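fold the following.
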Amino acid sequence: MKSLIFWQDKLKRGSRTFERSMVPEVLHIVVVYNGKAWLPHLVESVQASGTGEVWAIDHGSTDGSWEWLCDHLPASNRIQGPNLGFGSGNNRGMEEALRRGVPAVHLLNQDARVDPQGMRVMTDWILQREREGHALEVVSPIHWDWEGKVPYEHFDKRYAPQWREHTDPFEVPFIHAASWLMTLDTVREVGGFNPAFFMYGEDNEWAHRLKKAGGRFWIHPEGSLFHDEKPKPWPKPTVLERMAFASEVTAFFEGTSTAAEWRRSAFRRAVARALHPHRWLDVLTGSMWLGERSAMRRVRENAEAWEVARTAMRHQESPHLTP
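Numbers count the residues shown, from 1 in each chain. Below is the predicted model:
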């Protein structure tokens, strides 16, 4: 009789363990556009980590990416949609995560793969942090080139130049969104990316909202991301345009000005940015005005749409997300 009770209890415990394993801890969200060359490596690395499932949105690929996704991901984990930009694609994934109620979300670039063991460690770390009461945190791994031979240049020189000094997770002011792991509560609180951005700048604006809410970015030295991207030598006016545009979007959505008022005061804000002491050389070379002119053109074209989106946010539990 004791033996029977023992095995019945063991089977119950085993059943509970199996049930827990059927619920993925992380929904790994990937926005795909002509990424077939990387997808096998990405999906294999995530699956090897045992942390959850890949959910992908294809933005009209022409290289066979969608066909590959159909062959390798279940129908519930892949969708197609118009190319509305990197941020909007990730928003669709975050909305799916909210519907499923998964514990955590991982935003992952299509041209990257993770170290499986490091992904497991990072997942355990971020979930434990939440259990300990640390809310609104985003963790990212060490960023390497695709072969893992040298650190990704922007990571090494701009985002986390101190990474070699740390063996434990450490805080940084910002890390770009090639690999962001966060709990679902962070998604609920901060929301999605602002759809005013098509590509570039959306992660900076999201980071601003995270910081304003009291959140933090972390780097976990035991995690590794292998990213097949080389820093692009963007022309200076292009960089300045993106900076100005991001500043415009952030300020408008935090303020109460109407679209008409915002357009009328655009030149004054451009002049204020040009007077910054770090911008004098850009002003003298003309780069500042080229960038500002392009940014202001985008502001004038989109201000009405921003006003509509800002009004809609008042009725959204999570900004820019409608699960």
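
now stretch 52-64: buried residues?
Gly52, Glu53, Val54, Trp55, Ala56, Ile57, Asp58, His59, Ser61 (16 or more other Cβ atoms under 10 Å). All C-beta atoms are positioned from the backbone trio N, CA, C, and that covers glycine.

strands - which of these land there?
Among those, DSSP state E puts Gly52, Glu53, Val54, Trp55, Ala56, Ile57, Asp58 in strands.

for the residue nearest to Gln80 when sequence neighbours are not counted, give me its contacts.
Leaving aside its sequence neighbours, Gln80 sits nearest to Asp58 (Cβ to Cβ, 6 or more residues apart in numbering; 4.9 Å). By Cβ atoms under 8 Å, 6 or more residues apart in numbering, the residues touching Asp58 are Val32, Tyr33, Ser65, Trp66, Leu69, Arg78, Ile79, Gln80, Gly81.

residues near the last one, how many?
Looking back up the chat, that one is Gly81. 13 (other Cβ atoms under 10 Å).

for the closest residue to it other than its chain neighbours, report the pLDDT, please.
Of all residues not flanking Gly81 in the chain, Ile57 sits nearest, at 5.7 Å (Cβ to Cβ, 6+ apart). Per-residue confidence (pLDDT) for Ile57: 98.

ok, Phe217 next?
98.

that one is in what secondary structure piece?
strand 216-227 (DSSP states H and E).

tell me what the helix or strand following that strand is packed against?
Scanning forward in sequence from strand 216-227 by DSSP H and E, the next helix or strand is helix 236-254. Identification of packing neighbours for helix 236-254 by 3 or more Cβ pairs under 8 Å, 6 or more residues apart in numbering; DSSP states H and E yields helix 202-212, helix 266-274, helix 280-285, helix 287-313.

the domain parsing of the chain - what is it?
Split into domains by automatic domain parsing, the chain comes to 24-227, 236-313.

the shortest one spans what distance, first to last residue?
Yep, that's domain 236-313 we're talking about. Distance across domain 236-313, first residue to last, is 34 Å (Cα to Cα, to the nearest Å).

quick one: mean pLDDT over it.
Mean predicted lDDT for domain 236-313 stands at 88.

and what of stretch 82-96?
pLDDT averaged over stretch 82-96 gives 94.

can you give me the buried ones in it?
Buried-residue list, stretch 82-96, by 16+ other Cβ under 10 Å: 83, 85-96.

and of the residues you listed, the nearest to Pro319?
Asn91 (10.1 Å; Cβ to Cβ).

the closest residue to that closest one other than its chain neighbours: neighbour count?
Among residues not flanking Asn91 along the chain, Gly192 sits closest, at 3.8 Å (Cβ to Cβ, 6+ apart). By the criterion of other Cβ under 10 Å, Gly192 has 24 neighbours.

three-state assignment of Gly192?
The three-state label for Gly192, taken from DSSP: H, G, I helix; E, B strand; the rest coil, comes out as coil.

phi first, then psi, for it.
phi -100, psi -170 (degrees, to the nearest 10).

can you give me the distance of it to Gly87?
7 Å (Cβ to Cβ, to the nearest Å).

got it, and Ser61?
With Cβ to Cβ as the criterion, Ser61 and Gly87 are 18 Å apart.

do the same with Leu225
19 Å.

do the same with Ala75
In terms of Cβ to Cβ, Ala75 sits 25 Å off from Gly87.
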